[in-house]
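pasted the sequence and its predicted model underneath.
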Amino acid sequence: MTDNDLMARLEAMDAKLDYVVDRQRYAEELVRSMTPVAREGVNAMAEHLAGWEERGWFDMGHEFVGIFDRLAAAYGPEDVAELSEHVVQLVDTVRNLTQADVLDLANDATDVIHDADKVEPVGAFGLAKATRDPEVQRGLAVAIEVLRQIGRARAPVDGERRPAPVRSTPAPSAPRSAAPSKPAKPAKPAASTTAAARQPAPSPDADADADADADLQACVVWEGRRFSPEGFLVDYDQWDKGLAAKMAEGLGIVMTAEHWQVVEWVRHDAQSIGASPNVRRIALGSGVGTRRLYELFPGTPGKSVAMIAGVGKPVGCV
Amino acid sequence: MSFPFAQSPPSRESAEAGPRRIALICAKGGLDECYPVLIMANAARMTGIECSVFFTFWGLDVICEKTVDHLNVNFVGNPSSPMPTMVAGLPGMEKLGTNFMRRKMDELEIPRAREMITILHDSGCDLYACELAMRMFDRTDDDLLPEIAEVITATEFFEKTTGADIIFV
């Protein structure tokens, strides 16, 4: 390090020292000139605080702190978050409540309560008589409207409490849920019901799809074909005479020409009307009559014929 | 493997065997009052249940040649009636109600009472007329429909239907 360098550094330091000393002097001057002002300020502040103290603001503030303590103990942060979500609604409600007419009404109501000693007791007859007063009538209408609003507000709450109705899923339930509650018109008796029962065809309704899937899972496979849990062939087109004869044998029926006549007629009819015919329709349509039908297919003629013919379970009571 | 869905008619739960049997008693002759009997009896037969029906008092109207096609609906005194009793008692209301119900049943392809009796008879349901009621209403065997098996007393009916579930309609 050379002397020149050293000298240069010392000079720089000297300049900095001068600057610091200057600052110090300015600061002292500032303090000196500000002191009276600050004193004034502090005095004023003290006066204000004394005034507040006199008016009891500090005591009140202390109480408010107590309130906040209690609030914090009673409500958690999530409550506050919830409150903030509804704050607009809350303000709306408060604004509505503080409308002049509402306040007047509340005021009048309290007046009535103050003067409650003056009114006469009223029985059922008096009540009926009072409803003839137009003012009472109008009041009743308003009260009923309020009750209606309360009822509306309660309804969804009740709905949540009640468990959702469980839909039973019997074998061919997919189409049944979609079918009209009222039986169809004479031309097509309950066509929509059983047509679909025969073939759980894919439906645009997702719900029905789910039901159909459940049905397929519940199906029983026999002779390589699917049957509903009750024993009705699921696919109309998978039927053949050999299968029918085997099913009839299982049901204890020996097929004769007369049996085949009935079965063929039922298959034809089921396809043309899209529904499994009931006993009366089979008896009249196939030409064998009720009595012979019961002899040919003893016990449960409607079900037995529908099974052997590979159509759905018949619906209806005749 | 044989067909796994043998059609066994519903049998009694107890071990004392035999097929299930029911006995219906029809004591009223209104169009709306006799159909529950006829429909239930038919449903029972279609389900493989043995069934007997005993027609007594006004129920005789359902099995008599002269009356079976003229059964009416009476709305008076029926709390489920769609019209007030005061109105239902006016002349013509019975006819109106009957026509309305007939039309509705035709729409639903429910057979008339006469055909129902025939169907029941053909399906093997035993139909009986009450002997005492026949005398009370001055009816003879000739008044009855041919499907009626026998005119018997109440005692005989209970004897014939031993073990059956009795249903009074």
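Cool, got the structure. Numbering: from 1, shown residues only, chains lettered A, B, ... in the order given.

just the helices in chain B please.
Along chain B, the stretches classed as helices by DSSP state H are B:31-46, B:85-88, B:93-107, B:113-122, B:131-136, B:154-160.

is the first one positioned near chain A?
Yes - using CB under 8 Å from any CB of the partner chain, a contact is recorded between helix B:31-46 and chain A, made by B:39, B:42-43, B:45-46. For glycine as for every other residue, the C-beta is placed from the backbone atoms N, C-alpha and C.

what average pLDDT does that helix get?
For helix B:31-46, mean pLDDT is 94.

which residues sit in contact with residue A:252?
For residue A:252, the contacting residues are residue B:6, by CB atoms under 8 Å, 6 or more residues apart in numbering or on different chains.

quick one: it is in a strand?
No - in this structure, residue A:252 is coil, not part of a strand, as judged by DSSP: H, G, I helix; E, B strand; the rest coil.

so what's it scoring on pLDDT?
Confidence score, pLDDT, at residue A:252: 89.

wait, which of the helices of chain B is closest to residue A:56?
Of all the helices of chain B, it is helix B:85-88 that lies closest to residue A:56, at 77.4 Å by CB to CB.

whichever of the residues of helix B:31-46 next to chain A end up buried, select them in PyMOL.
Paste this into PyMOL to select the buried members of these, with burial taken from 16 or more other CB atoms under 10 Å in any protein chain shown:
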select buried, chain B and resi 42+45+46
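
same list (the residues of helix B:31-46 next to chain A) but as a markdown table, adding distance to residue A:234.
Shown next, in a markdown table, are the residues of helix B:31-46 next to chain A (distance: CB to CB, whole Å):
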| residue | distance to residue A:234 |
| --- | --- |
| B:39 | 30 |
| B:42 | 28 |
| B:43 | 25 |
| B:45 | 28 |
| B:46 | 23 |
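
so which residues on chain B come close to chain A?
B:1-7, B:9, B:39, B:42-43, B:45-48, B:106-111, B:116, B:118-119, B:122-124.

just the buried subset of these, written out for ChimeraX, thanks.
The ChimeraX selection below is limited to those of the residues of chain B next to chain A classed as buried (16+ other CB under 10 Å):
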select /B:3,5,7,42,45,46,48,108,109,110,111,116,118,119,122,123
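
secondary structure element for residue A:122?
Counting by DSSP states H and E, no helix or strand carries residue A:122.

surely it touches residue A:133?
No - using CB atoms under 8 Å, residue A:122 makes no contact with residue A:133, being 11.8 Å away.

so where's chain B shaky on pLDDT?
Within chain B, the segments meeting pLDDT under 70 span B:1, B:7-17.

what about residue A:286, how many residues nearby?
Neighbourhood size, residue A:286 [other CB atoms under 10 Å in any protein chain shown]: 22.

with the one 10 residues further on instead?
Residues near residue A:296, counting by other CB under 10 Å, number 20.

from chain B, how far out is it?
13 Å (CB to the nearest CB, to the nearest Å).

residue contacts, that residue?
A:253, A:256, A:258-259, A:262, A:288.

ok, and the most crowded of the residues you listed?
residue A:262 (26 neighbours).

make sure that residue is indeed in a helix.
Yes - the assignment for residue A:262 by three-state DSSP puts it in a helix.

so it makes contact with residue A:284?
No - using CB under 8 Å, residue A:262 is not in contact with residue A:284, being 11.8 Å away.

residue contacts, the residue nearest to residue B:33 when sequence neighbours are not counted?
Among residues not flanking residue B:33 along the chain, residue B:169 sits closest, at 7.3 Å (CB to CB, 6 or more residues apart in numbering or on different chains). By CB under 8 Å, 6+ apart, the contact set of residue B:169 is B:24-28, B:33, B:36-37, B:40.

of these, buried ones?
Looking at the contacts of residue B:169 with 16+ other CB under 10 Å, the buried ones turn out to be B:24-28, B:33, B:37, B:40.

let's have those in CSV, adding distance to residue A:25.
Putting the buried ones among the contacts of residue B:169 into CSV (distance: CB to CB, whole Å) gives the following:
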residue, distance to residue A:25
B:24, 124
B:25, 127
B:26, 127
B:27, 127
B:28, 124
B:33, 122
B:37, 123
B:40, 119
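
which one of those sits closest to residue A:75?
Nearest to residue A:75 out of those is residue B:40 (CB to CB; 64.1 Å).

which non-adjacent residue is nearest that closest one?
Nearest non-adjacent residue to residue B:40, counting by CB to CB, 6+ apart: residue B:24, 6.4 Å away.

how about the residues of chain A that lie near chain B?
Going by CB under 8 Å from any CB, the residues of chain A near chain B are A:183, A:185-186, A:189, A:220, A:222, A:227, A:230-231, A:246-247, A:249-252, A:279-280, A:283, A:289-291, A:294, A:299-304, A:307, A:317-318.

restricted to helices, list the residues you listed.
A:246-247, A:249-250, A:279-280, A:283, A:289-291, A:294, A:301-304, A:307.

buried ones among those residues?
By 16+ other CB under 10 Å, those give A:246-247, A:250, A:279-280, A:283, A:290, A:294, A:301-304, A:307 as buried.

quick check: the two most widely separated of these?
Between any two of those (CB to CB), the greatest distance is 27.9 Å, for A:246 and A:280.

the residue nearest to residue B:40 and residue B:55 touch, don't they?
No - counting by CB under 8 Å, residue B:24 sits too far from residue B:55 to count as a contact (9.4 Å).

remind me which residues of chain A are low pLDDT?
Those would be A:1, A:156-217, if you go by pLDDT under 70 across chain A.

and the strands in it?
A:220-222, A:225-227 (DSSP state E).

between the residues of helix B:31-46 next to chain A, which is nearest residue A:101?
Using CB to CB, the residues of helix B:31-46 next to chain A come closest to residue A:101 at residue B:39, 63.8 Å.

residue contacts, residue A:237?
No contacts exist for residue A:237 under CB under 8 Å, 6+ apart.

that one and residue A:25, how far apart?
112 Å (CB to CB, to the nearest Å).

ok, now residue B:63?
Residue B:63 is 134 Å from residue A:25, by CB to CB.

so which of these two has more stuff around it?
residue B:63 (25 against 10).

how much space separates the more buried one from chain A?
17 Å.

tell me who's in contact with that residue.
Contacts for residue B:63 (CB under 8 Å, 6+ apart) come out as B:55, B:117, B:127, B:129, B:144-145, B:147-148.

how about a cut-off of 10 Å?
Contact analysis of residue B:63 by CB atoms under 10 Å, 6 or more residues apart in numbering or on different chains lists B:26, B:29, B:34, B:53, B:55, B:113-114, B:117, B:127-129, B:139, B:143-145, B:147-148.

show me how to select, in PyMOL, the buried members of the residues you listed.
The PyMOL command for the buried members of these (criterion: 16+ other CB under 10 Å) is given here:
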select buried, chain B and resi 26+29+34+53+55+113+114+117+127+128+129+139+143+144+145+148
